[in-house]
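# coords below, sequence missing:
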């Protein structure tokens, strides 16, 4: 793989991870607007896989804030997260 292809692949990977985080934000916002106090286990697992630190009693509101922090890190320090994220299998849409 050429350096240009590798750079493109890294950019695409970051873009995909940001899209996953955006999808999770939308779901958390919906839960928050509905007044839900809990987050479904499947969403908690997906968030953890995306690098969001999840604890058992996190509310949708607290997880929204954590997702925003992870997004900021991706945008400000993408190379560091690429190192942490290497080997992570591609994932599908967050549900």
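Yep, it's here. Treat the numbers as computed from the prediction; the structure is a model and nothing was measured.
# need the contact list for the residue nearest to the spatial centre of the chain.
Nearest residue to the geometric centre of the chain (C-alpha atoms, centre = their mean): residue 21, 3.5 Å. Residue 21 makes contact with 50, 52, 67, 70, 71, 74, according to C-beta atoms under 8 Å, 6 or more residues apart in numbering. (Glycine included, C-beta is placed from N, CA and C.)
# One more pass at 7 Å, please.
50, 67, 70, 71 (C-beta atoms under 7 Å, 6 or more residues apart in numbering).
# pLDDT value on the second one, please?
Confidence at residue 67, expressed as pLDDT, is 96.
# just the third one next, same as before
According to the per-residue confidence, residue 70 scores 92 in pLDDT.
# Run through the residues that contact it.
The neighbours of residue 70, taking C-beta under 7 Å, 6+ apart as the test, are 21, 50, 51, 52.
# Helices of the chain, start to end?
The residue ranges that make up the helices of the chain, judged by DSSP state H, are 3-33, 41-49, 60-76, 78-85.
# Now tell me which of the ones you listed the model trusts least on average.
Among the helices of the chain, helix 78-85 scores lowest, with a mean of 54.
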